[in-house]
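Participant: Provided below are the primary sequence and the corresponding predicted coordinates.
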Amino acid sequence: MDQVNNWQRWLFWLLLGAFSVFFAEVVATSDPYVFFHIFGIVGVLGHYAMHLLVLAPLVIRPGRQVSFGAVYLAGGIFGLYEAYMTKVLWRPPWNAEAICIGGVAVFPVIMLVLFWHPFYAFMAPLFVAEGLVLGSGRLFASLPERAQRIFRKPWFVPAFAVWVGLNHGANIGGPVQALASSLGTSSVVWLLIVLWHRAARGRRYDLAAMLPRRGWWWACLVLLLGYYLVFGFTILPENLPGLGAQAIIWGVYLVFGGLLVRFLRRAPVEEYVVEEEERPEQEISPARRWLKFALVFAASSLASSLVLAWAGEAVMGLVWITGMGLGVYTLIYTLRLDFLRQK
């Protein structure tokens, strides 16, 4: 099963990072042309990919059952980079008068740490990469049954494409920008999927076997720490608060890290094998499936830029309210999972 060349793994890692910045940065219009400038590739794509390659192997391990709670908590740790890298959790640039507790901006923490990065920057790329290009279902099996039923519905993927397109188009600035960003970035991801599909030769692989282990994992960790050092000292260093506000973020790290360790220690042994058989000829190729998503996303973004441009703040407000609510719900669900395991 684990017969894959290093260059194939590197290509998959690049694709994983591309999915992450697409869903987290392009959709939010934080960096709508992330693949088309040097900092977007080296800085944004690089540190997103390193977060995935360091955190994902901790929760997706060969011979161990994947826990949804562990995956969510790892995504929350991912989201905490918005403290020391961007300083957004202390001083969000879009709201100088943000509600703060102890120097920490409340709503950005709820949105970015509990929802946006766990779902869009961490889970979405992993689920899409596994289901779309690898052909295995280890992560999907970790989802609650209700979520599995929803994700299996034929309308879910188009509905999700419309949802992210509405957010993208309403905040991008106009129809030309909407099409340039959506089609341009989607095309880069499509090209990577095509390259991977040719490299994999239609075979199925287990996600756990594709993630970095041992020496490669340590190398990714060193690179990630390097990003923290560089960004910490170069991106708005004047926004770094005093020790009190930093201590609250340390506490969040400890809570998420402690819960993550508890979930990982209790993960049952599970033999998971993906047969390396050829995909059925009638199966739609990953590139064509992504293209369908990309076209719906682009059309939705274009329509949103034409109809809802005047309501960009309202759309963003709806996204934030929905996201924060779902983030709080998921955190409570995760804590409930831990409580039930104790019993």
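Facilitator: Good, I have the coordinates. Residues are numbered from 1 along each chain as shown.
Participant: contact partners for the residue nearest to the spatial centre of the chain?
Facilitator: Closest to where the C-alpha atoms of the chain average out (C-alpha atoms, centre = their mean) is residue 121, at 1.7 Å. Neighbouring residues of residue 121 by C-beta atoms under 8 Å, 6 or more residues apart in numbering: 20, 21, 23, 24, 48, 51, 75, 78, 79. All C-beta atoms are positioned from the backbone trio N, CA, C, and that covers glycine.
Participant: which of those residues sits closest to residue 146?
Facilitator: Residue 146 lies nearest to residue 75 out of those, by C-beta to C-beta, at 19.4 Å.
Participant: and the residue nearest to the centre of the chain, what pLDDT?
Facilitator: Looking at residue 121, its pLDDT stands at 97.
Participant: where does it sit: helix, strand or coil?
Facilitator: Following DSSP: H, G, I helix; E, B strand; the rest coil, we place residue 121 in the helix state.
Participant: so it versus residue 79, what's the distance?
Facilitator: Between residue 121 and residue 79 the computed distance is 7 Å (C-beta to C-beta, to the nearest Å).
Participant: what's the answer for residue 49, then?
Facilitator: The value you get for residue 49 to residue 79, if C-beta to C-beta is used, is 16 Å.
Participant: what do you get for residue 219?
Facilitator: 23 Å.
Participant: tell me which of these two has more neighbours.
Facilitator: Neighbour count, other C-beta atoms under 10 Å: between residue 219 and residue 79, residue 79 has more, with 29 against 14.
Participant: correct me if wrong: the more buried one contacts residue 116.
Facilitator: Yes. Between residue 79 and residue 116 there is a contact under C-beta atoms under 8 Å: 6.7 Å.
Participant: helices or strands next to the longest helix anywhere in the chain in the packing?
Facilitator: Across the chain, the longest stretch assigned as helix under DSSP state H is helix 312-342. Packing partners of helix 312-342 (3 or more C-beta pairs under 8 Å, 6 or more residues apart in numbering; DSSP states H and E): helix 68-79, helix 156-172, helix 243-265.
Participant: can you pull out the helices in the stretch 151-300 of the chain?
Facilitator: 156-172, 175-200, 207-210, 215-234, 243-265, 286-307 (DSSP state H, counting those that start in this stretch).
Participant: okay if I get these as CSV plus distance to residue 16 and mean pLDDT?
Facilitator: CSV is the format used below for those (distance: least, C-beta to C-beta, whole Å; pLDDT from 0 to 100):
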stretch, distance to residue 16, mean pLDDT
helix 156-172, 18, 93
helix 175-200, 10, 94
helix 207-210, 9, 90
helix 215-234, 12, 96
helix 243-265, 20, 94
helix 286-307, 14, 94
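Participant: to residue 334, which of these lies closest?
Facilitator: helix 243-265 (7.3 Å).
Participant: between the closest one and helix 312-342, how many degrees?
Facilitator: 50 degrees (axes from the mean of the first three to the mean of the last three C-alpha atoms, to 10 degrees).
Participant: quick one: buried residues of helix 243-265?
Facilitator: Buried residues in helix 243-265, counted by 16 or more other C-beta atoms under 10 Å: 245, 246, 248, 249, 252, 256, 259, 260, 262, 263, 264.
Participant: which one of the helices and strands packed on helix 312-342 lies closest to residue 214?
Facilitator: helix 243-265 (17.5 Å).
Participant: between helix 68-79 and the closest one, find me the angle.
Facilitator: Going by the same axes, to 10 degrees, helix 243-265 makes 150 degrees with helix 68-79.
Participant: who does helix 243-265 touch, helix- and strand-wise?
Facilitator: Checking 3+ C-beta pairs under 8 Å, 6+ apart, helix 243-265 ends up next to helix 46-59, helix 68-79, helix 81-84, strand 104-105, helix 312-342.
Participant: how far does the last one sit from the chain's center?
Facilitator: Right, helix 312-342. Taking C-alpha atoms, centre = their mean, to the nearest Å, the mean C-alpha location of helix 312-342 is offset from the chain mean by 15 Å.
Participant: distance of residue 147 relative to residue 200?
Facilitator: Using C-beta to C-beta, one gets 27 Å for the distance from residue 147 to residue 200.
Participant: the more surrounded of these two?
Facilitator: Taking other C-beta under 10 Å, residue 147 and residue 200 do not tie; residue 200 has more neighbours (21 against 12).
Participant: so which helix or strand takes in the nearest residue to the more buried one once chain neighbours are set aside?
Facilitator: Closest residue to residue 200 apart from its sequence neighbours, by C-beta to C-beta, 6 or more residues apart in numbering: residue 8 at 6.9 Å. Assigned by DSSP states H and E, residue 8 belongs to helix 6-21.
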